[in-house]
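A.B. asks: A predicted structure for the sequence below; I have some questions about it.
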Amino acid sequence: MTPADIRFAADGMLQSLATWLRALGYDCTAGRELFGRRLLERAVAEQRVFLTRNTHLANDWPRSLVGQAQILFVAGETFPEQLREVVGRFLLDRERFLFTRCLVCNDPLRAAGKPEALPSLPPRVAAREEKFWHCERCGRFFWHGSHVRNSAARLRQWLAA
Ligand SMILES: [Zn+2]
């Protein structure tokens, strides 16, 4: 499935999972302010798959709400297990949409020209990089430097294990 086909909402205990789903390019709502029942309500309203470790929610929350939701109980204890579980379960693409979304804001990035990015760049980056991306929400510029290559390598390790 591509990011156009599926969106997620990650419950309170799954913040690392949320960040790395965003790194893979998938829309994942998460946050310290929004979790549990309120997040599930939002997931239902926005047709998101609710990712949770809370196996009691069917007992604790209204059946009318839980019955409408698409819920995946994430079994993995560790973050790499959780990531493999979700990527495998929904056949997410591991490469094609890598780093197309802001890890902090969850917004899609757009390509930006060098003149636009230039005032925000450290001189070494400005000298070396030619392609940039921009997050409209937080205003950050991104480029595919060594941090992105290292993150991509870690992702591949986690997904291959
Ligand atoms: Zn952002």
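C.D. replies: Structure's in. What do you need? Given the structure is predicted, the values throughout are model-derived calculations rather than measurements.

A.B. asks: and the host helix or strand of residue 87, how far out from the chain middle?
C.D. replies: Assigned by DSSP states H and E, residue 87 belongs to helix 79-89. Mean-position distance between helix 79-89 and its chain equals 13 Å (C-alpha atoms, centre = their mean, to the nearest Å).

A.B. asks: how close does the residue of the chain most remote from its centre get to residue 145?
C.D. replies: The centre of the chain is farthest from one residue, residue 127, which by C-alpha atoms, centre = their mean lies 30.2 Å away. Counting by C-beta to C-beta, to the nearest Å, the gap from residue 127 to residue 145 is 12 Å. C-beta coordinates here come from the backbone N, C-alpha and C atoms, glycine included.

A.B. asks: next one: residue 42
C.D. replies: 34 Å.

A.B. asks: mind pulling up the pLDDT for the residue nearest to residue 121 when sequence neighbours are not counted?
C.D. replies: Take residue 121 and drop its neighbours on the chain: the residue closest to it by C-beta to C-beta, 6 or more residues apart in numbering is residue 141, 6.8 Å away. Residue 141 is assigned a predicted lDDT (pLDDT) of 96.

A.B. asks: likewise for residue 69?
C.D. replies: If you check residue 69, the pLDDT there is 95.

A.B. asks: ok, now residue 55?
C.D. replies: Among the per-residue scores, residue 55 shows a pLDDT of 89.

A.B. asks: isn't it up against residue 73?
C.D. replies: Yes. Counting by C-beta atoms under 8 Å, residue 55 does reach residue 73; the two are 5.8 Å apart.

A.B. asks: residues making contact with the helix or strand following the helix holding residue 87?
C.D. replies: On the C-terminal side of helix 79-89, the closest following helix or strand by DSSP H and E is strand 110-112. Here strand 110-112 makes contact (C-beta atoms under 8 Å, 6 or more residues apart in numbering) with 131, 132, 133, 134, 136, 141.

A.B. asks: got a list of what the residue nearest to the spatial centre of the chain touches?
C.D. replies: Closest to where the C-alpha atoms of the chain average out (C-alpha atoms, centre = their mean) is residue 22, at 2.1 Å. By C-beta under 8 Å, 6+ apart, the contact set of residue 22 is 28, 101, 102, 103, 106.
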